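> Need a 3D model of the following:
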Amino acid sequence: MSKYEGASMIICPLEERDFQHVCAVIVSGDGPNACGHTLLHISGSWAWYVHISGFYKAPKWMPESNYMRYLKENGKREIRRWEIKLPNPKGAHDRMHELTEKPWLWGIVAHNCTSFAEEVVRAGGSKAGQYFNCPVAERFA
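Below is the predicted model of the structure:
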């Protein structure tokens with residue numbers, strides 16, 4: 001049985017108004033991954049977690065109700081979360097839709113789960129991100 005990571009995001013269920021509240025969520029890594037993992041928590045009328053997981057995969061999403069299942073089945077724990085203000089929620093929403101149209105080429109340290117989150121929030125007008133793309137080692141600010 002495979003571990004729960006969410007469903008492949010073939011169609012983005014998020015609405016523009018959901019991007020009024022966005023957090024970068026840092027969880028522990030698994031296996032040899034000491035840097036941890038970054039997800040986006042996006043909530044408005046609905047609450048979702050969105051992340052990239054895998055070398056050439058579509059983004060995955062899970063409803064708020066399945067987040068604890070994700071942590072438990074993957075042996076992860078939440079380390080911290082940072083609220084991110086988006087001056088342009090429409091830009092973040094539109095970018096998320098674009099990113100669901102093709103698989104994400106995951107590149108371990110570069111072009112990874114953190115850079116996926118950065119692309120979405122930067123399209124929303126935020127400058128938040130991480131310099132080293134190692135979620136547990138630095139702030140997502």
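> what ranges do the helices span in the protein?
Assigned by DSSP state H, the helices in the chain fall at 67-73, 89-99, 113-123.
> Residue 125 touches residue 86, doesn't it?
Yes. The pair formed by residue 125 and residue 86 meets the contact definition of C-beta atoms under 8 Å, at 5.8 Å. Heads up, the C-betas are built off the backbone N, CA and C, glycines and all.
> Which one of the two is surrounded by more residues?
Just comparing residue 125 and residue 86: by other C-beta atoms under 10 Å the higher neighbour count belongs to residue 86, 22 against 14.
> excluding its backbone neighbours, what's nearest the more buried one?
Spatial nearest neighbour of residue 86, chain neighbours left out: residue 124 (3.4 Å); criterion: C-beta to C-beta, 6 or more residues apart in numbering.
> Might you report the residue contacts of residue 122?
The neighbours of residue 122, taking C-beta atoms under 8 Å, 6 or more residues apart in numbering as the test, are 128-129.
> before we move on, the earlier item: looking at the helices of the chain, which one is packed in the most?
helix 113-123 (a mean of 22; mean count of other C-beta atoms under 10 Å).
> Surely residue 69 and residue 4 touch.
Yes. Judged on C-beta under 8 Å, residue 69 makes contact with residue 4 at a distance of 5.4 Å.
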